[in-house]
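1. I need the structure of the sequence given here:
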Amino acid sequence: MSKPNVTIGLPVFNGENFLSQAIESVLGQDYADFELIIRDNASTDGTAAICREACKQDTRIRYLRSESNVGAAPNFNAIVGDARGQYFKWLAHDDLMAPTFLSRCVETLELDHASVLACPRVRFIDAAGEPLEDYISPFRTADPDPVVRFKETLSGHPCYEVFGLIRLDELQKTRLIGSYKHGDGVLLSHLALLGRFAEIPEYLFLSRRHQGQSMYVYGITNPDAKEDADAYARWFDARNVLTGVPLNFSRRLAEYRWMIGVTPLSLTAKLALYRSLIAWAYRNRHRIKKEWHRAIDSRVRSRSDPARQ
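-> Numbers count the residues shown, from 1 in each chain. Just a heads-up that it's a prediction; the model follows:
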């Protein structure tokens with residue numbers, strides 16, 4: 001079997017509500033040289049049946065299933081190891097691609113070798129697929145300077161580019177999506193050090209907003225709910241259930257330090273990056289301090305409570 005040029009990775013957990021539409025949007029692409037890998041995170045609804053039926057309809061689809069729920073990040077990341085394409089794209093089960101998504105992204109990356117990923121503009125849709133609003137990124141992630149790009153990803157970047165088309169060889173230089181809140185954003189920070197993000201000025205990425213969405217459930221985009229960063233981290237990785245306080249900001253800081261150290265850049269650039277990182281850590285010093293206090297307190301209470309040992 002010949003290798004496809006593009007691998008689309010579709011991680012899913014209990015996604016029977018929108019999964020068929022996502023698969024249809026893949027099969028409706030005007031660019032046909034792709035494989036679709038669906039990785040089911042031990043769903044208990046009708047997801048498996050939908051996937052098996054899709055495999056019967058198109059030989060480009062592969063269906064993999066985890067025996068237990070490992071969390072979102074490990075499920076996303078596991079697909080990368082099975083990818084065979086030159087380019088890679090994640091697709092959430094509740095999002096859609098316009099028919100020209102792949103062809104425009106492939107065309108852009110083949111013309112622009114300095115870019116590590118290409119992503120169209122975002123159109124938000126509701127649960128019924130009706131348009132809500134459009135989004136144009138204000139962040140300078142296409143800047144030729146890696147220091148500028150890195151700083152932009154530290155400044156409240158919303159991470160939509162993680163669903164763009166990424167050069168697989170560049171993605172494999174990273175540690176993929178981290179198992180903590182904003183792990184996808186940290187991945188984008190590393191990719192920003194490796195190259196530019198090319199924006200396609202067309203609304204080809206249809207991002208669905210609905211009440212079952214993880215960011216809504218854990219209060220990130222729900223104005224009526226209190227944000228629960230610890231629960232969100234447990235959604236990212238099931239192993240965080242066992243570790244108590246996930247130390248989201250401290251783990252991000254450690255990962256930023258690592259990626260700056262391993263990326264081949266000039267000494268001047270690295271010093272500028274470390275200055276940006278110090279500034280980020282200072283802005284978040286109270287959050288880092290608070291999570292460590294909570295972690296220590298949780299550890300002390302665990303040791304003093306025999307029922308928790």
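2. quick one, strands of the stretch 51-200 of the chain?
-> Residue ranges of the strands in the stretch 51-200 of the chain, as given by DSSP state E, counting those that start in this stretch, are 61-65, 87-90, 96-97, 115-125, 131-135, 165-167, 196-208.
3. packing partners for the third one?
-> Using 3 or more Cβ pairs under 8 Å, 6 or more residues apart in numbering; DSSP states H and E as the contact criterion, the elements in contact with strand 96-97 are helix 19-27, strand 196-208. Every residue, glycine included, has its C-beta placed from N, CA and C.
4. where in the chain is pLDDT low?
-> Low-confidence segments of the chain (pLDDT under 70): 1, 215-222, 225, 235, 241-244, 302, 304-309.
5. report the central residue of it.
-> D184 (4.0 Å; Cα atoms, centre = their mean).
6. still on that earlier bit, now tabulate the helices and strands packed on strand 96-97 in JSON lines and tack on distance to D228.
-> Compiled in JSON lines, those are given as follows (distance: least, Cβ to Cβ, whole Å):
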{"stretch": "helix 19-27", "distance to D228": "26"}
{"stretch": "strand 196-208", "distance to D228": "22"}
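7. and R84, which of those is closest to it?
-> R84 lies closest to helix 19-27 among the helices and strands packed on strand 96-97, at 15.8 Å (Cβ to Cβ).
8. just checking, next helix/strand downstream of that closest one?
-> Sequence-wise, the next helix or strand downstream of helix 19-27 (DSSP states H and E) is strand 34-40.
9. centre of the chain versus that following strand, how much separation?
-> Between the centre of strand 34-40 and the centre of its chain there are 16 Å (Cα atoms, centre = their mean, to the nearest Å).
10. indicate each strand paired with it and its parallel or antiparallel sense.
-> strand 6-12 (parallel), strand 61-65 (parallel) (DSSP bridges).
11. the longest one versus helix 19-27: what angle between them?
-> It refers to strand 6-12. Put simply, strand 6-12 runs at 180 degrees to helix 19-27, going by axes from the mean of the first three to the mean of the last three Cα atoms, to 10 degrees.
12. show me the contact partners of strand 6-12.
-> Applying Cβ atoms under 8 Å, 6 or more residues apart in numbering, the contact partners of strand 6-12 are 19, 22-23, 26, 31, 33-41, 43, 47, 51, 72, 75-76, 79-80, 82-93, 102, 106, 165, 168.
13. ok, stretch 283-292 next?
-> V245, P246, L247, N248, F249, S250, L253, A281.
14. how does it look with 10 Å?
-> Here stretch 283-292 makes contact (Cβ atoms under 10 Å, 6 or more residues apart in numbering) with 154-155, 229-230, 245-253, 281-282.
15. next, the buried residues of it.
-> Of the residues in stretch 283-292, N284, I288, E291 count as buried by neighbour count, 16 or more other Cβ atoms under 10 Å.
16. count the neighbours of the closest residue to H93 other than its chain neighbours for me.
-> Using Cβ to Cβ, 6 or more residues apart in numbering and skipping residues adjacent in sequence, the residue nearest H93 is G15, 3.6 Å away. If you count neighbours by other Cβ atoms under 10 Å, G15 ends up with 24.
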